[in-house]
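Novice: here's a sequence, model it:
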Amino acid sequence: MNVVSKSGLKRIIRQHPQAESELLAWYKAARNAVWNSLADVRSVFPTADLVGGVLIFNILRNDLRLVAVAAFKYRRLYVKALLTHKQYDRKEWMKWAR
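Specialist: Numbers count the residues shown, from 1 in each chain. This is a model prediction of the structure:
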């Protein structure tokens with residue numbers, strides 16, 4: 001998958017430095033993956049969820065949620081946000097769900 005964008009991921013890491021190692025491991029796994037569906041994603045990240053076109057990944061044992069828009073057809077993954085549960089529960093991320 002082409003993860004767009006690494007600079008955005010670095011910005012997220014600056015905001016949540018405690019998640020750096022897990023986010024970099026996620027980036028490496030996602031960048032090297034060939035995902036065509038949620039089933040493919042779950043083969044690597046079993047707790048991932050898909051809402052519309054948005055993939056949700058649990059980070060730091062579910063303390064944070066990484067939100068990314070999946071364009072499986074084009075093999076692209078657009079990193080949008082890393083949210084706390086309080087932020088996630090506001091459902092503002094659903095604007096990316098299409």
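
Novice: can you show me the helices along this protein?
Specialist: Counting by DSSP state H, residue ranges of the helices within the chain are 6-15, 20-31, 38-44, 85-89.

Novice: now these as CSV including mean neighbour count, distance to residue 63 and mean pLDDT?
Specialist: All C-beta atoms are positioned from the backbone trio N, CA, C, and that covers glycine. As requested, those are arranged in CSV below (neighbours: other CB atoms under 10 Å; distance: least, CB to CB, whole Å; pLDDT from 0 to 100):
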stretch, mean neighbour count, distance to residue 63, mean pLDDT
helix 6-15, 14, 14, 90
helix 20-31, 16, 10, 95
helix 38-44, 14, 20, 97
helix 85-89, 12, 8, 95
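
Novice: to residue 62, which of those lies closest?
Specialist: Ranking the helices of the chain by their distance to residue 62 (criterion: CB to CB) puts helix 85-89 first, at 8.3 Å.

Novice: ok, and what's touching the closest one?
Specialist: 63, 65, 67, 81 (CB atoms under 8 Å, 6 or more residues apart in numbering).
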